[in-house]
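Chemist: Okay, structure incoming, though there's no sequence with it:
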Ligand SMILES: CCCCCCCCCCCCCCCCCCCC(=O)SCCNC(=O)CCNC(=O)[C@H](O)C(C)(C)COP(=O)(O)OP(=O)(O)OC[C@H]1O[C@@H](n2cnc3c(N)ncnc32)[C@H](O)[C@@H]1OP(=O)(O)O
Ligand SMILES: Cc1cc2nc3c(=O)[nH]c(=O)nc-3n(C[C@H](O)[C@H](O)[C@H](O)COP(=O)(O)OP(=O)(O)OC[C@H]3O[C@@H](n4cnc5c(N)ncnc54)[C@H](O)[C@@H]3O)c2cc1C
C-alpha cells in the first residue's frame, strides 16, 4: 500500500494524477463521474492512511482536507456522504459494540445516508421503506412496497457506496414504531455488484452536484441481521421486545450535525466567491468616474463595493457564528450523553434557522458576485457558476428551507407562550420576555442598538403570529389549520430571528476578541461586523420602523455610516480576500487567480476547449455546407 505522509495542501496538490488535462466542463456525465472517482480514490487512500491512527470521533470538525478536495473535485466529492453522514450516523446512533463492528473495516467500506425517498423527503414519518422483524431468523426484512418508497437522492448511492445507513419504518409483531436507522450492505466488497434483492442506480443529471452520484435504491425482501438496527437510542431485543428511545427525535441527530456544519461550509463557499469577484474587480478597468481621467478599477464604483463587501463580511459572520453554533452543538451532545435533553429543542431551532439563512444568503450572494463580474463571470472557467449551483443545493438538502424555518417558528411560538406565562427562557430567546419593557426604548444608532432593534422585530412578529393563530382558532379552525393559515408570518418570524442571531453573535464575538488582536486587525474586523449589521438594518428598515422607535433621521444617518464603511473597507478589500488564503489550485478560477493574469488565463482556458482542436469543425462539411450551397444565390 503506497503510504502518503500527512497530507498538506502543497503535498496533495502536487500529486500529478490529481490534475485534469481536460477541464471538467468538457467531459460527459459519465466521464465526469469516472474522473472524480479516479481523483477521489487517491484522496480516500490518503485520508485512510491519515485516519488509521485516529478513532472515528462522533463529532469531528471538518479537517482542511475537506477544503483540499474542493480544488481537486471542483464539483462534489462522491465520497462526501461517507464522511458527512454515514460515519457520523453510526458514531451518533449505534452502540459502542455496533460501532466497532460496523466500522471495523475503517475505510474499507464506503457509505452513504439513505433517508429520502421518491415520495417523501420532508415528512419523515411518511417514509414508506419498511424493516420488519423476522423473529424466527432474528433478521429484519427490508422492502420498498411502492415506487414512491424507493430511496432517491442519497449521495454516492448510484455507483460509489457499498454500504448505507437506511431510514425505514420499524415493524415488530405487526406494530409500526416509526422511522429508525439500519446499517445495510448494498454491494459486494470485491465485485461491487449490487447484492441480490436490491435495485440500484443513479438518478440522472442535475443543475449542479453532478459528481455526487445521487442514486436510487429499492429493496425486495432484503434481509439484514437484527443487530443491524442502530440501537444506541432504541432497541429491538431478540424476543421482539421494543425498547423506546428516551426521545424519538434523537434518531434525527445526524441531520442536526450537518445543519450545524453547513454554516461553516457556507462561510467557505462565500470566501471563494468573494475572493474571485473582488480580485477580478481590482484587475478589471472599465469606464470612467472623472471624465478626464483613465478608466477605473470597477472596484472603485461604490455600487460595486455595495455588491461585494457584504460577501466578505458575511463569510466572516458565518465563520464566527458557525463556531458559536458548533460549540452549542458539542455542549448539547455532551449533555445528551449524560442523559439530559433539555437543550435539544433549542439546538434544533437554532440549527434550522441558521442553516436556512446561511445557505440562502450564500446562494444569492454568490450570484451577486457572479453578476458583478459581467460576462466573464458567466464563464465556467470563472468557477462562479459551479460555486452557485453547489451552494444553492444546500438550501434544499438537509432540510428544505421553508420546512426548517417553520420548525424554528414552532420553537419561537412555544417560547413566546412561556414568556407570557412568566417562565424563564434560554439566553437565545430570553429577549422575548423583555418585549413589553423595551418596545418603546429610545433608538440607538450603534451596532448594539441595531441588534436590540432586530430582537424587538423578532418579538413583535412572534407576538403577531401568536395572535394570528389565536384569531384563527377563535374562528373555529383547529390549531394545525390555524398554524397553516399563519405560516407566511411564521416564516417571517424565523427569518427575523436568524438575522438577529447572526448580527448579535457576529458583533459580540468580534467585540469580545478585539482586545486580543492587533489594533489594525481589530479595526478592520469591527468595520466588517458593523458593515454587516448596518447593511441588514437598512435592508430591514420597514420592520424597524414598525417595531422600534427608529426615525427617518436615524435611517438617514445609518445610510451615511454604511457608505462611510464601504469607503473605509475599500483600501483593504483585496487584502481581506487574500487573507482567506485560498490557493489558486483550490479557487479554480481564471478571474480570481492570485497573480491577476485574468485575460491570459481566460485565453489559456478557452484554448483547452475541444472545439478549438481544429479550425473547421466537421459539422461544417456534414451539415452546414450542403445547406449554404443549396441556398447560395
Ligand atoms: C473528504 C473529507 C470530507 C470531510 C467532511 C466532514 C463533514 C462535512 C459536512 C458538511 C458538508 C455537508 C455536505 C452534505 C451533502 C449533502 C447531504 C444531504 C443529506 C440529506 O439531505 S439527508 C436528508 C435530509 N432530510 C431532512 O432534513 C428531512 C427534513 N424533515 C425533518 O427533519 C422532519 O420531517 C420535520 C420537518 C422536522 C418534521 O418531523 P416531524 O416528526 O413531523 O416533526 P414535528 O414537526 O411534528 O415536530 C415534532 C417534534 O420533534 C422536534 N424535532 C423535529 N426534528 C428534530 C430534530 N432533527 N432534532 C430535534 N428535535 C426535532 C420538533 O421540534 C418537535 O418538537 P416539539 O417539542 O415542538 O413537539
Ligand atoms: C443535491 C442534493 C443532495 C441530496 N442528498 C441527500 C442524501 O445524501 N441523503 C438523503 O436522504 N437525501 C438527500 N437529498 C434529499 C433532500 O434531503 C430532500 O430533497 C429534502 O429533504 C426536501 O425533500 P423533498 O425533495 O422530498 O421535497 P418535499 O418534502 O416534497 O417538499 C417540496 C416543497 O413542499 C413544501 N413543503 C413540504 N413540506 C412542507 C411543510 N410541512 N410546510 C410547508 N411547506 C412544505 C416546501 O416548499 C418544499 O420545498 C438531497 C437533495 C439534493 C437536492
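Modeler: Okay, I see it. Just so you know, these numbers come straight off a predicted model, no measurement behind them. Numbers count the residues shown, from 1 in each chain. Ligands and ions are numbered 1, 2, ... in the order given.
Chemist: need the contact list for whichever residue of the stretch 501-633 of the chain sits closest to ligand 1.
Modeler: In the stretch 501-633 of the chain, the residue that lies nearest ligand 1 is residue 586 (13.2 Å; Cβ to the nearest ligand atom). Backbone N, C-alpha and C define where each C-beta goes, glycine included. Residues in contact with residue 586, defined by Cβ atoms under 8 Å, 6 or more residues apart in numbering, are 9, 13, 67, 68, 70, 71, 272.
Chemist: so who does residue 597 touch?
Modeler: Taking Cβ under 8 Å, 6+ apart as the definition, residue 597 has no contacts.
Chemist: and the gap between it and residue 549?
Modeler: 53 Å (Cβ to Cβ, to the nearest Å).
Chemist: again with residue 277
Modeler: 38 Å.
Chemist: Of the two, give the one with the bigger neighbour count.
Modeler: residue 277 (33 against 15; other Cβ atoms under 10 Å).
Chemist: Skipping adjacent residues, who's closest to that one in space?
Modeler: Among residues not flanking residue 277 along the chain, residue 369 sits closest, at 3.8 Å (Cβ to Cβ, 6 or more residues apart in numbering).
Chemist: just residue 541 next, same as before
Modeler: Closest to residue 541 by Cβ to Cβ, 6+ apart is residue 555, at 5.5 Å.
Chemist: With residue 44 instead?
Modeler: Using Cβ to Cβ, 6+ apart, the closest residue to residue 44 is residue 79 (5.5 Å).
Chemist: quick one: contacts for the one you found?
Modeler: 40, 43, 44, 110, 156, 160.
Chemist: same thing but at 7 Å, please
Modeler: 40, 44, 110, 156, 160 (Cβ atoms under 7 Å, 6 or more residues apart in numbering).
Chemist: cool, residue 240 as well?
Modeler: With Cβ under 7 Å, 6+ apart, residue 240 has these contacts: 133, 135, 172, 173.
Chemist: for residue 289, same thing?
Modeler: With contact set as Cβ under 7 Å, 6+ apart, residue 289 has these partners: 296, 300.
Chemist: ok so it is a helix residue?
Modeler: No - secondary structure of residue 289 (DSSP: H, G, I helix; E, B strand; the rest coil): coil, not part of a helix.
Chemist: and the gap between it and ligand 1?
Modeler: 42 Å (Cβ to the nearest ligand atom, to the nearest Å).
Chemist: Spatially central residue for this structure, please.
Modeler: The centroid of the chain falls nearest to residue 262 when counting by Cα atoms, centre = their mean (3.7 Å).
Chemist: so residue 308 sits right up against residue 280, yeah?
Modeler: No - Residue 308 is beyond contact range of residue 280, at 9.8 Å (criterion: Cβ atoms under 7 Å).
Chemist: any shared contact partners between those two?
Modeler: By Cβ under 7 Å, 6+ apart, no residue touches both residue 308 and residue 280.
Chemist: Any part of the helix or strand containing residue 259 near ligand 1?
Modeler: Element membership for residue 259 (DSSP states H and E) is helix 253-283. Yes - contact of helix 253-283 with ligand 1 (Cβ under 6 Å from any ligand atom) involves 255, 256, 258, 261, 262, 265.
Chemist: Residue 503 is in contact with residue 535, isn't it?
Modeler: No - counting by Cβ under 7 Å, residue 503 does not reach residue 535; the two are 9.6 Å apart.
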